[in-house]
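Visitor: My questions concern the predicted model and sequence given below.
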Amino acid sequence: MMTYQNPVYPFYFADPFVWKHEGRYYAVGTGPVRQMTKASDADFHKFNDKGHEVAFPLITSPDLVHWELVGGALKVPPWASGGDFWAPEVAYSGGFFYLYYSVATEGLKHQLRVAISKTPTGPFEDFGPLMPESEACPFAIDAHPFRDMDGQWYLFYAVDFLDSSNDHRAGTALVVGKLESMTRLAGSSQVVLRARSDWQLFKKSRTMYGKVFDWHTLEGPCVRYHDGLYYCFYSGGCYEGAGYGIDYGTSTTVMGPYSDLGNENGARVLQSVPSHVIGPGHHSIVAGPDDKSDFIVYHAWDVGMNARRMCIDPLVWTPEGPRCDGPTWTPQELPAMERPELIPS
């Protein structure tokens with residue numbers, strides 16, 4: 001058995017998305033933002049590669065534990081130079097890799113876009129906006145592509161809602177739309193989950209869209225199908241606080257409706273551990289080195305809140321739902337890859 005100890009990558013690496021391709025792991029994430037003054041000098045900060053501005057640190061590993069930096073995944077289009085780039089995810093289809101991300105520039109709120117590469121390490125070239133009319137959706141983040149069992153692709157993402165009622169609150173929440181191609185949403189979306197619990201509060205009395213709200217947040221969707229149910233995992237609360245954690249809703253169909261009943265007292269998959277791990281969240285799920293176990297890959301703050309770094313822990317499917325014994329911060333065993341000579345005949 002190998003061992004690992006979180007964080008598995010020592011430098012700033014938020015919103016980690018990990019995928020496995022031809023036996024090797026790749027990960028992209030959000031790098032230090034301009035306002036992050038405490039990030040280490042060794043963090044991804046070289047926004048220029050071969051004469052081009054690049055975004056999103058891309059790292060690779062043979063075993064989910066030992067990671068090395070490749071460089072910037074996205075070749076930044078000239079119009080987006082100096083922008084804020086958030087939460088990349090990658091899908092593989094038809095021999096091409098598609099990188100979904102959001103970007104904001106001066107005068108432009110976050111919009112979802114897609115970039116394409118023939119290789120998992122890029123550089124990914126921007127293809128354009130995902131929505132037929134991006135101006136009709138003034139804020140969209142955290143794109144998550146999901147391929148259903150029939151081969152149809154869907155896109156889960158987060159947008160803002162300003163209405164509230166007895167069973168949902170104003171704030172950022174989750175929707176899903178069908179992808180008519182890997183580079184275009186079909187043009188309509190359905191609500192997946194809205195915030196409805198106190199622990200999902202982002203900030204009280206927050207000024208948004210010219211009004212003041214007690215703003216709640218669900219973000220970072222990640223979908224898996226398991227034993228007849230679709231599980232839409234998400235991160236709730238404020239990413240800068242100890243209340244941030246990972247929960248999920250379930251549905252019998254990919255487009256919903258979804259329900260997250262049972263989480264009224266807090267996130268059920270991952271929560272902070274005071275004095276050790278703060279704000280675990282915005283994750284992806286990937287098969288372990290044994291190709292049998294599932295691992296949840298998430299970011300978490302160190303106790304000093306200096307940086308969000310990448311962590312891993314096993315995800316276990318129980319009769320009560322998916323659970324994780326993390327977040328961990330001490331050495332843990334990791335199921336190793338099976339070597340053919342050790343497999344009994």
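Guide: Good, I have the coordinates.
Visitor: make it CA atoms for all contacts and neighbour counts henceforth
Guide: OK.
Visitor: And residue 161, what's its pLDDT?
Guide: Residue 161 is assigned 96 on the pLDDT scale.
Visitor: bridging residues for it?
Guide: According to DSSP bridges, the residues that bridge with residue 161 are residue 171.
Visitor: Distance check, it against residue 209.
Guide: Using C-alpha to C-alpha, to the nearest Å, one obtains 11 Å as the distance from residue 161 to residue 209.
Visitor: Look up how far residue 76 lies from residue 223.
Guide: Distance from residue 223 to residue 76, counting by C-alpha to C-alpha: 28 Å.
Visitor: for residue 66, that is, sorry about that
Guide: When C-alpha to C-alpha is the yardstick, residue 66 and residue 76 sit 28 Å from each other.
Visitor: Between the two, point out the one with more neighbours.
Guide: Under the neighbour definition other C-alpha atoms under 10 Å, residue 66 and residue 76 were set side by side, and residue 76 has more, 24 against 12.
Visitor: mind listing what that one touches?
Guide: By C-alpha atoms under 8 Å, 6 or more residues apart in numbering, residue 76 lies in contact with 52, 53, 54, 55, 125, 126.
Visitor: For the second one, which residues count as its bridge partners?
Guide: It refers to residue 53. Judged by DSSP bridges, the bridge partners of residue 53 are residue 48.
Visitor: correct me, but it touches residue 83?
Guide: No - the pair residue 53 / residue 83 is not scored as a contact, 10.7 Å apart, by C-alpha atoms under 8 Å.
Visitor: what about residue 1, how many neighbours?
Guide: Around residue 1 there are 8 other residues, counting by other C-alpha under 10 Å.
Visitor: so who does it touch?
Guide: Counting by C-alpha under 8 Å, 6+ apart, residue 1 touches 333, 334, 335, 336.
Visitor: Identify the nearest residue to the first one in space, disregarding sequence-adjacent positions?
Guide: Residue nearest to residue 333 in three dimensions, not counting chain neighbours: residue 3, with 4.4 Å by C-alpha to C-alpha, 6 or more residues apart in numbering.
Visitor: That neighbour: what secondary structure?
Guide: Going by DSSP: H, G, I helix; E, B strand; the rest coil, the secondary structure assigned to residue 3 is strand.
Visitor: Please tell me how far it sits from residue 68.
Guide: According to C-alpha to C-alpha, residue 3 stands 18 Å off from residue 68.
Visitor: Residue 77 now?
Guide: Applying C-alpha to C-alpha to residue 77 and residue 68 gives a distance of 25 Å.
Visitor: Looking at this protein, which strand is longest?
Guide: Selection of the longest strand in the chain by residue count, based on DSSP state E, yields strand 211-226.
Visitor: helices or strands next to it in the packing?
Guide: Judged by 3 or more C-alpha pairs under 8 Å, 6 or more residues apart in numbering; DSSP states H and E, the packing partners of strand 211-226 are strand 140-147, strand 153-161, strand 171-181, strand 201-208, strand 229-236, strand 278-287.
Visitor: Adding distance to residue 187, write those strands out as CSV.
Guide: Rendered in CSV, the data for the helices and strands packed on strand 211-226 read as follows (distance: least, C-alpha to C-alpha, whole Å):
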stretch, distance to residue 187
strand 140-147, 14
strand 153-161, 11
strand 171-181, 7
strand 201-208, 25
strand 229-236, 21
strand 278-287, 26
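Visitor: Among those strands, which comes closest to residue 242?
Guide: Minimum separation from residue 242 across the helices and strands packed on strand 211-226 (C-alpha to C-alpha) falls at strand 278-287, 4.9 Å.
Visitor: What strands line up against that closest one, and which way round?
Guide: Each strand pairing with strand 278-287, determined using DSSP bridges, is listed with its direction: strand 294-301 (antiparallel).
Visitor: which residues are in contact with the strand it pairs with?
Guide: For strand 294-301, the surrounding residues in contact (C-alpha under 8 Å, 6+ apart) are 13-18, 277-288, 307-316.
Visitor: average model confidence for that strand?
Guide: Computed over strand 294-301, the mean pLDDT rounds to 98.
Visitor: And for stretch 4-15?
Guide: Averaging pLDDT along stretch 4-15 gives 96.
Visitor: Can you get me the start-to-end distance on it?
Guide: For stretch 4-15, the first and last residues are 20 Å from each other (C-alpha to C-alpha).
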